[in-house]
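quick one, fold the following:
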Amino acid sequence: MFETVKEFNLVNKSLYRHIFAPQSLLFKRQINMQLPGQTNFYKGKVRDVYTIGDKYMVMIVSDRISAFDVVLPRPIPYKGQVLNQIAAQFLDATKDILPNWMLSVPLPNATIGYKCDTYPVEMVIRGNLTGHAWRTYKSGKRELCGIPMPDGMKENDFFDKPIITPTTKAHEGHDEDISREEIISSGLVSAHEYEQLEKYTHAIFERGREMAKSRGLILVDTKYEFGKIGDTIYLIDEIHTPDSSRYFYMEGYEDRQKKGEQQRQLSKEFVREWLMENGFQGQEGQQVPEMTEEVIGSISERYIELYEVVTGKTFQKHDVNHEEELKKLESEISKLDI
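Numbers count the residues shown, from 1 in each chain. Down below sits the predicted model:
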């Protein structure tokens with residue numbers, strides 16, 4: 001939709017006023033719900049997570065948006081719905097590979113599922129030399145997280161086979177690169193379990209690539225998180241969303257690589273590009289640029305475009321008020337074995 005940052009900035013102001021303003025006003029309210037059986041509450045950068053009976057979780061995917069580890073000052077209408085519904089579709093499509101945490105999706109922006117003991121690493125898998133991997137490669141290094149990268153590659157080239165470059169899970173600040181050997185030797189994850197996480201990561205990524213291909217896309221890189229209940233490993237959190245993954249358009253990929261041109265991306269990179277163009281990269285002393293009505297409307301439309309391209313479905317906007325939200329969640333929680 002918006003091929004350049006200039007187009008992104010020039011979107012018609014009326015788009016926000018007539019379509020998005022009512023929704024954004026709803027999400028400006030800070031709502032602290034008390035749910036039946038609630039034993040804990042955690043407010044993340046973009047999600048509100050309620051623990052129910054220490055066995056289940058209610059995850060509300062808000063319209064908050066973050067970039068460069070900073071939560072931006074204004075919400076993006078329908079962003080939470082987009083991310084939650086994409087994640088639900090891919091969790092359902094990969095449940096034959098391993099069990100996942102999702103039990104139900106009672107609201108467009110909410111999922112209820114199992115509470116798992118989380119592994120303290122994120123499994124980042126890369127099919128192409130892009131992003132952090134490319135910046136590392138461009139600096140002259142030929143190894144990332146202990147994984148060798150061959151000479152002679154160009155930005156966005158395919159690896160011979162996908163590589164896993166794990167990171168630590170930071171509660172605050174940045175996640176840090178870590179190697180397979182460091183994870184095992186430090187006792188973060190046992191050797192046997194880590195090998196299983198690797199197998200699952202490759203299998204889920206391959207499924208994601210197949211599904212992306214059917215939509216004319218290339219799943220470039222993504223990250224997965226895993227947890228355990230007893231001895232069983234579960235896939236948790238969101239998967240294959242534009243916030244956790246990067247997609248390229250398949251059409252024209254080879255020509256752009258031959259010409260040394262940038263690939264057409266389908267991710268939230270456009271938000272980071274807009275921030276950088278306006279002098280913000282999350283560094284000390286920098287101010288987040290003004291998020292005008294047209295910018296907010298543009299970002300919301302872009303997220304909806306991402307949903308429709310990735311899923312192949314027409315996006316249906318849902319405005320849920322607090323009372324309706326609470327009633328539906330209470331009804332779903334009443335079905336749980338608390």
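
alpha carbons only for contacts and neighbour counts from here, please
OK.

what about the helices in the chain?
All helices of the chain, identified by DSSP state H, fall at 5-9, 13-15, 21-28, 79-93, 132-138, 180-185, 191-213, 253-259, 269-277, 293-311, 322-333.

quick one: average confidence on the shortest one?
Right, the one you point to is helix 13-15. Mean per-residue pLDDT for helix 13-15: 40.

picking that back up, for the helices of the chain, give me a markdown table that also has distance to residue 235 and mean neighbour count.
Shown next, in a markdown table, are the helices of the chain (distance: least, CA to CA, whole Å; neighbours: other CA atoms under 10 Å):
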| stretch | distance to residue 235 | mean neighbour count |
| --- | --- | --- |
| helix 5-9 | 35 | 15 |
| helix 13-15 | 38 | 15 |
| helix 21-28 | 29 | 16 |
| helix 79-93 | 8 | 21 |
| helix 132-138 | 24 | 16 |
| helix 180-185 | 19 | 15 |
| helix 191-213 | 9 | 17 |
| helix 253-259 | 31 | 12 |
| helix 269-277 | 25 | 16 |
| helix 293-311 | 20 | 21 |
| helix 322-333 | 21 | 14 |
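
which among those is found nearest to residue 71?
Relative to residue 71, the nearest member of these by CA to CA is helix 269-277, separated by 12.3 Å.

which other helices and strands does the longest strand along the chain contact?
Longest among the strand segments of the chain by residue count, using DSSP state E, is strand 217-229. Using 3 or more CA pairs under 8 Å, 6 or more residues apart in numbering; DSSP states H and E, the elements in contact with strand 217-229 are strand 117-118, strand 121-128, helix 191-213, strand 232-236, strand 245-249.

now do the second one: distance to the chain's middle.
Relative to the chain's own centre, strand 121-128 is displaced by 13 Å; criterion: CA atoms, centre = their mean, to the nearest Å.

by how many degrees do that strand and helix 191-213 diverge?
For strand 121-128 against helix 191-213, the angle by axes from the mean of the first three to the mean of the last three CA atoms, to 10 degrees is 40 degrees.

name the residues that touch strand 121-128?
For strand 121-128, contacts defined as CA atoms under 8 Å, 6 or more residues apart in numbering pick out 156-159, 161-169, 188, 197-198, 201-202, 205, 219-226.

distance check, the closest residue to residue 250 other than its chain neighbours against residue 181.
Leaving aside its chain neighbours, residue 250 sits nearest to residue 217 (4.9 Å; criterion: CA to CA, 6 or more residues apart in numbering). Going from residue 217 to residue 181 by CA to CA, to the nearest Å gives 33 Å.
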